[in-house]
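Participant: predicted coordinates and the sequence they were generated for:
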Amino acid sequence: MSKGIVFKKSVLRWLLVRLISPRFPSFSCGSLSCIDFTEVQQPILPTPEWVRIKPVLSGICGSDTATIMCKGSPYFSPLTSTPFILGHEVVGVVKECGNNVPSYIKPGMRVVVEPALSCVVRGINPPCELCSKGMYANCLNVTTGSIKEGIQTGYCNSTGGGWSQAGLVAHYSQIHPVPDDLEDSVAVLAEPLACAIHGVMPLFDISPRNILVIGCGTLGLLSIAAYRIFGGKAKIVATAKYAHQIEFAKKLGADNVVKAGSGERLYQEVLNILYGENYKHHIHKPEIGKPTVLGGFDCVIDCVGNDSSIDDALRLTIPTGHTIILGMPSIPRGIDWTTIWYKSLNVRGSYAYGVEKLPDGTQKKTIQIALECLAKSPDIFRPLVSRIYPLAEYKKAIMDAIHAGKTKSVKIAFRID
C-alpha cells in the first residue's frame, strides 16, 4: 500500500501544536501532531478532463511548515477539505489521462503542477470575475464545483498532494511540460519562482530607484533573482538571517545585504546604505517602540510575514512608497498603522500567481514564465535546492526546513519513490 503525509483536522491537536511547537518544533511532527505518515488511497479522476500524476520531487514550502506547526491563520480553514495530503510544489510524470484531455498531454510526460484550483479546474462555466481576469489563484468558487473545497492542490481532499506515493490528480489546465534539458531538482522551483515573479512584476510599472527585501529565505532569494532576470535596475538592499542566505542574495543580484535583526541597529545599517552618513537625519527614536523613519526605500518587499518584519517594512518605506507583503503572515500583532496613514503608503499583498503582463507588453501564465527562466538559467537556481529526502524521512526533512540556519538550507524537497 502506498503512503503519504496526511494532515487531519483536530481542533484539540491544532491548539496543542500551535501552543507547543514554537518552543519545541519537533512536537509538530510527533504522535500528537496533525500530520501522519500513513497509508493513502489513489485519488480518482474527478472528470474526463483530469490527469493522474506520479510525483517525482515535491518541495517543502513555508506555507507547508506553517500548516504543520499550526501557526497560520484560521482564515483558510473553511477553504480547505480535510484530511488532505500535503505537497503543492510538484514535479511528476503523467500516468493516466482522462478521455477529454488534450492530445499534447501524454503518459510519460514530465510536468509541473500549477496548484491553484480555479473555476476552469472545477468545471465552472462561465468563470468568476477574478478567474476571467487571469487572477485564478483568487478564484471565488473554491468551495464548489467538481471537487471538494480547496484553494490549492495539497490542501484539498479530492486532489491528493505531492507528498504521496499514491500520486495526485490535476486538471489538464494545471499541467505544464518540463523542458527536456531541465532537471527535476531545478524544475521543482517553478511554483515558488512563479510566486516571486508575480510579486515583483508590478515593480516595472512603479520603477523604484531602490528596493529593500526583508528576508532571504526561498521567496526572498527568488524575488531578487526574478527582478534581476527581467532587467530590474534598482538598487537592492536585502536583510538575511543566516550567512549562507547572505551569500546567495549577493550572487542573485542584491547590491548590499545586511544581517537581519531587531532594534535600531538594523535601521541604522539599511538607512546608512541608502543615505550615507546623512542617515542620522532620517532616523528618530521615540520614548518607546521602534525608530521613526523620515524617508525610506521606494519599495519594501516583506518576504517573512511576521509581526516584526511587517512593522519594519512599513516604517522603512518612503512616503507615498510601496510596501509589498509577499511572505505568508499569520495574525500579526503590534503593527503600528500610523506609518501607513502618515506616509500615505501603498500597501498590497501578493499571493500566488496568475497571468502576467511582461515588460514587453505580452501576457503569459506566471508558471510558464517561471519554467522558461529556470530552463534559460538553471545554474543560477540549482544551488538553491539544498537537500532532497526520501518521503519516509519526513520528520528530518521538515525539521531541517524549519531550522534553515542550522542546516544551511534554502529549498528542501522530497523524492517520491
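Facilitator: That came through fine.

Participant: is it true that A260 touches T239?
Facilitator: Yes - when contacts are counted by C-beta atoms under 8 Å, A260 is listed as touching T239 (4.3 Å). Backbone N, C-alpha and C define where each C-beta goes, glycine included.

Participant: show me whatever sits in contact with both of the two.
Facilitator: The overlap between the contact sets of A260 and T239 (C-beta atoms under 8 Å, 6 or more residues apart in numbering) consists of I214, G215, L266.

Participant: look up how far L222 lies from the second one.
Facilitator: Think G215. 11 Å (C-beta to C-beta, to the nearest Å).

Participant: tell me which residues touch L221, please.
Facilitator: L221 neighbours (C-beta under 8 Å, 6+ apart): Q245, F248, A249, L252, L384, V410.

Participant: list the buried residues for the host helix or strand of the second one?
Facilitator: Under the criterion DSSP states H and E, the helix or strand holding F248 is helix 243-252. Judged by neighbour count (16 or more other C-beta atoms under 10 Å), helix 243-252 contains these buried residues: H244, Q245, I246, F248, A249, K250, L252.

Participant: please apply the same query to stretch 228-243.
Facilitator: In terms of neighbour count (16+ other C-beta under 10 Å), stretch 228-243 has its buried residues at 228-230, 232, 234-242.

Participant: mean confidence score for it?
Facilitator: Average pLDDT, stretch 228-243: 96.

Participant: so how far is it off the chain centroid?
Facilitator: Remark: stretch 228-243 is offset 17 Å from the chain centroid, using C-alpha atoms, centre = their mean, to the nearest Å.

Participant: how far does it stretch from one end to the other?
Facilitator: 21 Å (C-alpha to C-alpha, to the nearest Å).

Participant: now stretch 401-411
Facilitator: Stretch 401-411 has an end-to-end distance of 7 Å (C-alpha to C-alpha).

Participant: ok, so of the contacts of L221, who is nearest A392?
Facilitator: Using C-beta to C-beta, V410 comes nearest to A392 of these, at 22.8 Å.

Participant: the closest residue to the closest one other than its chain neighbours and L222, how far apart?
Facilitator: Counting by C-beta to C-beta, 6 or more residues apart in numbering, L384 is the residue found nearest to V410 once chain neighbours are left out, at 4.5 Å. According to C-beta to C-beta, L384 stands 8 Å off from L222.

Participant: so where's the stretch 51-200 of the chain uncertain?
Facilitator: Within the stretch 51-200 of the chain, not a single segment meets pLDDT under 70.

Participant: check contacts around C61.
Facilitator: Counting by C-beta under 8 Å, 6+ apart, C61 has contacts H88, E89, E191, P192, T218.

Participant: including neighbour count and secondary structure, could the residues you listed go into a markdown table?
Facilitator: Below are the contacts of C61 laid out as a markdown table (neighbours: other C-beta atoms under 10 Å; DSSP: H, G, I helix; E, B strand; the rest coil):
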| residue | neighbour count | secondary structure |
| --- | --- | --- |
| H88 | 27 | coil |
| E89 | 31 | strand |
| E191 | 29 | helix |
| P192 | 23 | helix |
| T218 | 29 | helix |
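
Participant: which residue is the nearest non-sequential neighbour of T38?
Facilitator: Setting aside the residues directly before and after it, T38 is nearest to V6 in space (C-beta to C-beta, 6+ apart), at 5.7 Å.
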